[in-house]
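Novice: structure for the following, please:
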Amino acid sequence: MKKITLLCGQKSENYGEKLTYSQTIEIFRDKDVKIYLPNTLKEAFKAVFFSDAVIFAGRRMRENIDSLDVIGMALELEKPIFLFGVGLGEIRNKGLKRFSTILMSPLTEGFLTDYPSTRWARLWAGNRVKVGADLSNVYLLNHAKRGKNKFAVFSPRHNGALRMYEELKWLPAIDARIVVANKEDSKAAIEVSRHLKTEEIVIVSESTDVMEVVSNAKFVISERFHVSLTAESFGVPFMHVGRRAMRYFGKDFENNFSLPDEVEMALSFSKIGESAPSYYEKFNIRVKERYEEMLKGLDKFLLKI
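Specialist: Numbering: from 1, shown residues only. Presented below is the predicted three-dimensional model:
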């Protein structure tokens, strides 16, 4: 039986990483392989030594453990690496130079999450890297069920713009739910809840609760990529504050994005309709198609190691 070390966000407190982990575990539940899910750097190095390959699903094992350290060590041991839905957003700070070195190795292949990441990666890896999908997106689509349009949902970022404005004057009177996608967003969530000045405010942080709340939203205003992705997957109109996430969503979603400026947010909010536009479904179909290609690529990888 083949042995695989999985780096897929295990033990992470991040909302998106929890979704990625859940989808990865579902995939490998049906595979005839032995899985190592290390939780510490020491465990990871030991697991890699006894593994036939390493699969990197685009998330850190923990916030303080860099998966690139584990992958670098795996390459030194000449272990094959499969990128199973990785985006440049997961490669922190100075990690791009290290990641480019990893991509140069003929032992590295797989799928990235978006076209910009893939175009950059192909400079180093050529056709060994293809465009795929974010596994958290796949998990959401597999569990999507639209609820009732009950309330507005906000997902502030700890260093974002939503917490800066004492009065969100462009918003109507609303009932609100505040989502904490990362623990570091907790203070920002409290600040935004004060700015909204409504009686009905609930703050949620558990991943299942986030999905439940978003599925029942009238609309979502988010500074967190995976909360916006949840809204899209559940067919909920959303506005994302910040532009970087468009690398994944693409140009069809231009009206769903706003610069972190109060006037720009007001203009973007005015474009949110009462129902999801048709391009949501087209986007989801593309995600599912790319995911099927990723599964085929994974099976080929497991056969040849």
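Novice: residue 219 contacts residue 151, correct?
Specialist: No - at 9.4 Å, residue 219 does not count as touching residue 151 under the criterion of Cβ atoms under 8 Å. Glycine gets a C-beta too; all of them are placed from N, C-alpha and C.
Novice: please, where are all the strands along the stretch 51-200 of the chain?
Specialist: Along the stretch 51-200 of the chain, counting by DSSP state E, counting those that start in this stretch, strands occupy 53-59, 81-86, 108-112, 129-131, 151-155, 176-179.
Novice: got a list of contacts for the third one?
Specialist: It stands for strand 108-112. Residues outside strand 108-112 that contact it (Cβ atoms under 8 Å, 6 or more residues apart in numbering): 56, 75, 80-88, 102, 118, 121, 125, 128-133, 290, 293-294, 297, 301.
Novice: can you redo the strands of the stretch 51-200 of the chain as TSV with mean neighbour count?
Specialist: Converted to TSV, the strands of the stretch 51-200 of the chain look like this (neighbours: other Cβ atoms under 10 Å):
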stretch	mean neighbour count
strand 53-59	25
strand 81-86	26
strand 108-112	25
strand 129-131	20
strand 151-155	25
strand 176-179	24
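Novice: out of the ones you listed, flag the one nearest residue 138.
Specialist: strand 81-86 (8.3 Å; Cβ to Cβ).
Novice: quick one: strands adjacent to that closest one?
Specialist: Sheet pairing of strand 81-86 (DSSP bridges) gives strand 53-59 (parallel), strand 108-112 (parallel).
Novice: which of those strands comes out lowest on mean pLDDT?
Specialist: Here those differ in mean pLDDT, and the lowest is strand 53-59 at a mean of 87.
Novice: doesn't residue 170 make contact with residue 269?
Specialist: Yes - between residue 269 and residue 170 there is a contact under Cβ under 8 Å: 6.0 Å.
Novice: residues contacting the nearest residue to residue 95 once chain neighbours are set aside?
Specialist: In space, and not counting its chain neighbours, residue 95 is closest to residue 68: 5.5 Å by Cβ to Cβ, 6 or more residues apart in numbering. By Cβ under 8 Å, 6+ apart, the contact set of residue 68 is 91, 95, 98-99, 102.
Novice: got CSV for these, with distance to residue 19 too?
Specialist: Listed next are the contacts of residue 68 as CSV, based on distance: Cβ to Cβ, whole Å:
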residue, distance to residue 19
91, 19
95, 22
98, 25
99, 22
102, 24
